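Trainee: show me the folded form of this:
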Amino acid sequence: MKNFKNLALILISILFSTNALAQDETIEMLNKLDKETMVYSKKVVRVNVGDTVFWKATDKGHNVEFIKGGVPEGVEKFKSKFNKDTQYTFEIPGIYAYWCTPHKNMGMIGFVVVGDDKSNLEAIKKIRFSAKSKKIAPELINSL
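Mentor: Residues are numbered from 1 along each chain as shown. Next up, the predicted model:
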């Protein structure tokens, strides 16, 4: 019985220590932030494998779409509905590039770096951004 109690205490400790390491992030989808329009509240976030990013539909008219060729190998297509909060749990390390489908040309782009893995950085650099996104993407990519 004593060994069972010790085992239970160890399992509970592991469970709580794992949850304590989680660094879930929340990103708001906004029409305006400071002097910028059509923007995510955070342009670059860093999380661990297993963490979840929540995108909050604070303002209407926005969504989240992973950019084709802008995610690690093995990641499925992800595109949220408009005007809806959404979330994604990151199980594969690497860089994830995403945009708001209707506002991608207005610079509404973002990046999630998972597990500090930048092995797909060259693929990220090859993404064909346009309009305002093309102007801001290089600086964001350099900050990864």
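Trainee: residues near the nearest residue to residue 75 once chain neighbours are set aside, how many?
Mentor: With sequence-adjacent residues excluded and distances taken as CB to CB, 6 or more residues apart in numbering, residue 75 is closest to residue 92, at 5.6 Å. C-beta: built from backbone N, CA, C; applies to glycine. Look at residue 92: counted by other CB atoms under 10 Å, it has 16 neighbours.
Trainee: gap between residue 92 and residue 76?
Mentor: Applying CB to CB, to the nearest Å, the value for residue 92 to residue 76 is 10 Å.
Trainee: same question, residue 139
Mentor: Between residue 139 and residue 76 the distance is 29 Å, computed by CB to CB.
Trainee: next one: residue 95
Mentor: Going from residue 95 to residue 76 by CB to CB gives 16 Å.
Trainee: can you get me the start-to-end distance on stretch 59-70?
Mentor: 25 Å (CA to CA, to the nearest Å).
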